[in-house]
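**Q** model this:
(4 chains)
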Protein chains: 2
Amino acid sequence: MPHTYEFPRPALTVDCVVFGFDGAGLQVLLIKRGIEPFLGTWALPGGFVRMEENLEEAARRELEEETSLRDVFLEQLYTFGDPGRDPRGRVVSVAWFALVHPEQHPAKGDTDASEAAWFHISDLPDLAFDHDHILTTALERLRGKIRYQPVGFELLPKRFTLTQLQALYEAILGRPIDKRNFRKKLLAFDFLIPLDEFTGGAHRPARLHRFDRRKYDTLVKKGFLFEL
Amino acid sequence: MPHTYEFPRPALTVDCVVFGFDGAGLQVLLIKRGIEPFLGTWALPGGFVRMEENLEEAARRELEEETSLRDVFLEQLYTFGDPGRDPRGRVVSVAWFALVHPEQHPAKGDTDASEAAWFHISDLPDLAFDHDHILTTALERLRGKIRYQPVGFELLPKRFTLTQLQALYEAILGRPIDKRNFRKKLLAFDFLIPLDEFTGGAHRPARLHRFDRRKYDTLVKKGFLFEL
DNA sequence: CCAAAAGTGTTCTGCGTACACCCATGC
DNA sequence: GCATGGGTGTACGCAGAACACTTTTGG
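**A** Numbering: from 1, shown residues only, chains lettered A, B, ... in the order given. Okay, the predicted model is just below:
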């Protein structure tokens, strides 16, 4: 074994910040820890990386084990490695950033071992480790990202109304948006497909739309830059 | 020791992608490896993280040890951890992204142990490990970042001409920019301070400017968004 | 006086923004 | 028929883009 191998090694974990949207506000999926340290405290889903899996596989595995979520939008966020961030010793965590459609939201009792629950970002409990810091970083990333990448669609049902889409942008950006301008701009890009389906409910039905990722990707290749 | 500690641990390293600009093109600082594996191959400066230092400290320490660079602009880039990226076994690397002013460029022979050299990004040698992949990721980040953050000034001398600044933007974005529009736009923001100093040389002297970070930060706080 | 780089203004077009009323449905 | 949310068009102002000539210096 070469010299370099004799360095003591930090432990390596992954943690996932899972965002959802309930029509009114942005939510985060947390689990209640079943082991020490921080037993009983809410925390980001995550755990130790295994030797044979890559980092994204580790994040997806932990996410499924702890929240039953699969096939979500997942992107690496940042790696947190300050000594002292874990009372057990040196633990470095590669944090991930996930977006889930409402159809994917796990039902209550869907997770076996640990308890999982959605929290509105304006009403969060105390979190284990430095998870509040990780969460803040993820939020900043989401707010920045939504303005120039079409990530909002990852948080909505596959078929959605323009009002839902607008509410999502308003929730994430934290400011009101003019309805007519919003619609005009988004429909001018032709990656939003109006469907011949409508919502039911107590009032005038709203037309459903879907996001056409293929058309979007085509536009991007032509040098198009999405911006809101 | 709790159960979690019994997991085998990957080794943890940091690697730095150091960008420079020589007036014509973008450059990267590489070191020639003095040890196996990949002995004699060019590689990103970097090395193992020590147990008592955080990740940024590790990156700065390795950078100084291997290239004599200090006090550079440094930002975390991405963490690379595929099994098999290092022939010695499982090694996860937290990659960093650095920008250095020409005044800071290390002179030849400035580095003791290892040989360091600048390479134009259009003329790179074969690299060790997955460092070509890391470098590509860093380049994408730089190209994206320069459009909405004033990182270009980190690559120029403290006092620079507008022509230099334009050449930098053209080199990074890979397209020509209209001189009058470029100047008009940048000078409209008042964070570019014209000095009463000029370049010498064979032709008409050019006025030097400096970037006023304080004014820039003030504007950002007011919700201003830089964009080019 | 010539070569080389610095510096400077105007016009046009398109996009962001502001803004108010009618429509369809369930109850 | 009324309450509720869905859906639509226009006018104005500003900022980006296109574009060519004069100035200053050294050799």
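**Q** Get me the contact residues on chain A for chain B.
**A** With Cβ under 8 Å from any Cβ of the partner chain as the criterion, chain A meets chain B at residues A:2-5, A:7-12, A:35-36, A:47-55, A:76, A:78-79, A:81-83, A:88-90, A:92, A:94. In short, each C-beta sits where N, CA and C put it, glycine included.
**Q** In helices only, show me those.
**A** Secondary structure from DSSP state H places A:L55 of the residues of chain A next to chain B in helices.
**Q** of the residues of chain A next to chain B, buried ones?
**A** The neighbour-count test (16 or more other Cβ atoms under 10 Å in any protein chain shown) marks A:4, A:9-12, A:47-50, A:53-55, A:76, A:78-79, A:81-83, A:90, A:92, A:94 as buried among the residues of chain A next to chain B.
**Q** For the top strand by length along chain A, give the mean pLDDT please.
**A** Of all segments of type strand in chain A, defined using DSSP state E, the longest is strand A:11-21. Per-region confidence: strand A:11-21 scores 97 on mean pLDDT.
**Q** Note down every partner strand of the helix or strand just after that strand and its orientation.
**A** Past strand A:11-21, heading to the C-terminal end, the next element that is a helix or strand (DSSP states H and E) is strand A:26-32. Sheet pairing of strand A:26-32 (DSSP bridges) gives strand A:11-21 (antiparallel), strand A:42-43 (antiparallel), strand A:115-120 (antiparallel).
**Q** Centre of the chain to the second one, how far?
**A** Translated: strand A:42-43. What separates the centre of strand A:42-43 from the centre of its chain is 16 Å, taken as Cα atoms, centre = their mean, to the nearest Å.
**Q** try the last one
**A** For strand A:115-120, the distance from its own C-alpha centre to the chain's C-alpha centre is 13 Å (Cα atoms, centre = their mean).
**Q** Buried residues in that strand, which are they?
**A** Residues A:116, A:119 are the ones in strand A:115-120 that count as buried (16+ other Cβ under 10 Å).
**Q** by contact count, what packs against the helix or strand hosting A:L168?
**A** Here A:L168 sits within helix A:162-173, counting by DSSP H and E. Counting contacts by 3 or more Cβ pairs under 8 Å, 6 or more residues apart in numbering or on different chains; DSSP states H and E, helix A:162-173 is packed against helix A:131-145, helix A:179-188, strand A:207-211.
**Q** Can you add distance to A:R61, mean neighbour count and mean pLDDT and give these back as CSV?
**A** Formatted as CSV, the entries for the helices and strands packed on helix A:162-173 read as follows, by distance: least, Cβ to Cβ, whole Å; neighbours: other Cβ atoms under 10 Å in any protein chain shown; pLDDT from 0 to 100:
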stretch, distance to A:R61, mean neighbour count, mean pLDDT
helix A:131-145, 19, 17, 96
helix A:179-188, 36, 12, 95
strand A:207-211, 28, 18, 97
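**Q** Tell me which of those sits nearest to B:L165.
**A** Using Cβ to Cβ as the criterion, the shortest distance between B:L165 and the helices and strands packed on helix A:162-173 is 24.7 Å, found for helix A:131-145.
**Q** Next, the angle from that closest one to strand A:115-120.
**A** Regarding helix A:131-145 and strand A:115-120, their directions subtend 50 degrees when assessed with axes from the mean of the first three to the mean of the last three Cα atoms, to 10 degrees.
**Q** which ones are touching A:R70?
**A** With contacts taken as Cβ atoms under 8 Å, 6 or more residues apart in numbering or on different chains, A:R70 has the following neighbours: A:60, A:63-64, A:104.
**Q** Please repeat the previous calculation with a cut-off of 6 Å.
**A** If a contact means Cβ atoms under 6 Å, 6 or more residues apart in numbering or on different chains, then A:R70 has A:E64 as its contacts.
**Q** ok, so what distance separates it from B:A98?
**A** Using Cβ to Cβ, to the nearest Å, we find A:R70 at a distance of 38 Å from B:A98.
**Q** For DNA strand C, what's its nearest residue on chain A.
**A** Per Cβ to the nearest atom of the strand, A:R204 is where chain A lies closest to DNA strand C, at 3.1 Å.
**Q** That residue and A:R88, how far apart?
**A** As judged by Cβ to Cβ, A:R204 and A:R88 stand 57 Å apart.
**Q** Then A:C16?
**A** From A:C16 over to A:R88 (counting by Cβ to Cβ), the distance is 20 Å.
**Q** what's the domain layout of chain A?
**A** Using automatic domain parsing, the domain parsing of chain A gives A:3-145, A:152-221.
**Q** what about the longest one and DNA strand D, touching?
**A** No. With Cβ under 7 Å from any atom of the strand as the measure, domain A:3-145 is seen stopping short of DNA strand D, the closest distance being 10.5 Å.
**Q** quick one: that domain to chain centroid distance?
**A** That offset, for domain A:3-145, works out to 10 Å (Cα atoms, centre = their mean).
**Q** do the same with the shortest one
**A** The chain centre lies 19 Å from the centre of domain A:152-221; the measure is Cα atoms, centre = their mean.
**Q** That domain close to DNA strand D?
**A** Yes. If you take Cβ under 7 Å from any atom of the strand as the test, domain A:152-221 does meet DNA strand D, through A:161-163, A:179-181, A:183-184, A:198, A:202-207.
**Q** contacting residues for A:A138?
**A** Taking Cβ under 6 Å, 6+ apart, we find A:A138 in contact with A:17, A:77, A:97.
**Q** Let me know the closest of these to chain B.
**A** Each of the contacts of A:A138 was checked against chain B using Cβ to the nearest Cβ; the closest is A:L77, at 9.8 Å.
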